[in-house]
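[1] just a sequence and a predicted model for now, questions to come.
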Amino acid sequence: ETGVTQTPRHLVMGMTNKKSLKCEQHLGHNAMYWYKQSAKKPLELMFVYNFKEQTENNSVPSRFSPECPNSSHLFLHLHTLQPEDSALYLCASSQGQGASETQYFGPGTRLLVL
Amino acid sequence: AQSVTQPDIHITVSEGASLELRCNYSYGATPYLFWYVQSPGQGLQLLLKYFSGDTLVQGIKGFEAEFKRSQSSFNLRKPSVHWSDAAEYFCAVGRPTGTASKLTFGTGTRLQVTL
């Protein structure tokens, strides 16, 4: 595997379910990100992890719980979601060397909350 | 706070025609500016970026962008569009967060290419 991978690619869940999204980067990067992409809205940054430490939480509801056990893996734990949480969730990584660096994106997980 | 405006939601061009996608930003300091492209079912791929130096930046796939500080703009151009360029294009401005970067994106411009 190369680049940034995300599993699953598609997920349907009920509002009472608990599920997790997984992201893995094979680029040797130190920073990882979760974004939410909803129709007709800009990509929204949710969380930033740098060297496994969370450096940004963009006022995300607590029903989204991130976990970064090491610099290569990032999880997004989901529980008691709402239908408006249906979206494409994108993971990205970067070297962690400042604002000019490139972020590399995974293909995303398409989430549908019923 | 930083923000990005992409005034064109949807653009249609003929194959072989030139293309310009508009981007305006708001940021208090020296901006770090990016253009990303997203094909259906894919993540975002970087086309080009600007953070200092020459204001005309060359990117992949024949794209270029020009940074104009006086107009707070970073428009993307391509002299001759190919059908494979049909995708959604996102402009973004970045700022540091720790040693990582925080990107603020525009709403995107969907490009359709007619043959």
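    Alright, I've got the coordinates. Worth saying up front: this structure is predicted, and the values here are computed from it rather than measured.
[2] show me which residues of chain B sit near chain A.
    Selection of chain B residues close to chain A by C-beta under 8 Å from any C-beta of the partner chain yields B:4, B:32, B:34, B:36, B:41-46, B:49, B:51-52, B:90, B:94-108. Backbone N, C-alpha and C define where each C-beta goes, glycine included.
[3] weed out the non-buried ones from the residues you listed.
    B:4, B:32, B:34, B:36, B:43-46, B:49, B:51, B:90, B:94-108 (16 or more other C-beta atoms under 10 Å in any protein chain shown).
[4] next, the contact list for the residue nearest to the spatial centre of chain B, please.
    Among the residues of chain B, the one closest to the centroid is B:Trp35, at 3.1 Å (C-alpha atoms, centre = their mean). Neighbour list for B:Trp35: B:21, B:23, B:46-49, B:59, B:63, B:65, B:74, B:76, B:89-92 [criterion: C-beta atoms under 8 Å, 6 or more residues apart in numbering or on different chains].
[5] one more: A:Asn57?
    Contacts for A:Asn57 were tallied using C-beta under 8 Å, 6+ apart; they are A:46-47.
[6] swap in 6 Å and give it another go.
    A:Phe47 (C-beta atoms under 6 Å, 6 or more residues apart in numbering or on different chains).
[7] over to A:Thr102?
    B:Leu46.
[8] how far away is it from B:Ser70?
    According to C-beta to C-beta, to the nearest Å, A:Thr102 stands 27 Å off from B:Ser70.
[9] do the same with A:Ser93
    35 Å.
[10] more neighbours, the two?
    Neighbours around A:Ser93 and B:Ser70, counted as other C-beta atoms under 10 Å in any protein chain shown, are more numerous at A:Ser93. The numbers are 28 against 5.
[11] name the helix or strand for that one, please.
    strand A:87-94 (DSSP states H and E).
[12] residues contacting whichever helix or strand comes after that strand, please?
    Per DSSP H and E, the first helix or strand lying C-terminal to strand A:87-94 is strand A:104-105. Applying C-beta under 6 Å, 6+ apart, the external contacts of strand A:104-105 come out as A:4, A:90, A:92-93, B:43-44.
[13] let me see the mean pLDDT of strand A:104-105.
    Computed over strand A:104-105, the mean pLDDT rounds to 96.
[14] just checking, what packs against the helix or strand bottoming out on mean pLDDT in chain B?
    Ranking every helix and strand in chain B by mean pLDDT, DSSP states H and E puts strand B:100-105 at the bottom, with a mean of 88. With contacts taken as 3 or more C-beta pairs under 6 Å, 6 or more residues apart in numbering or on different chains; DSSP states H and E, strand B:100-105 sits against strand B:87-97.
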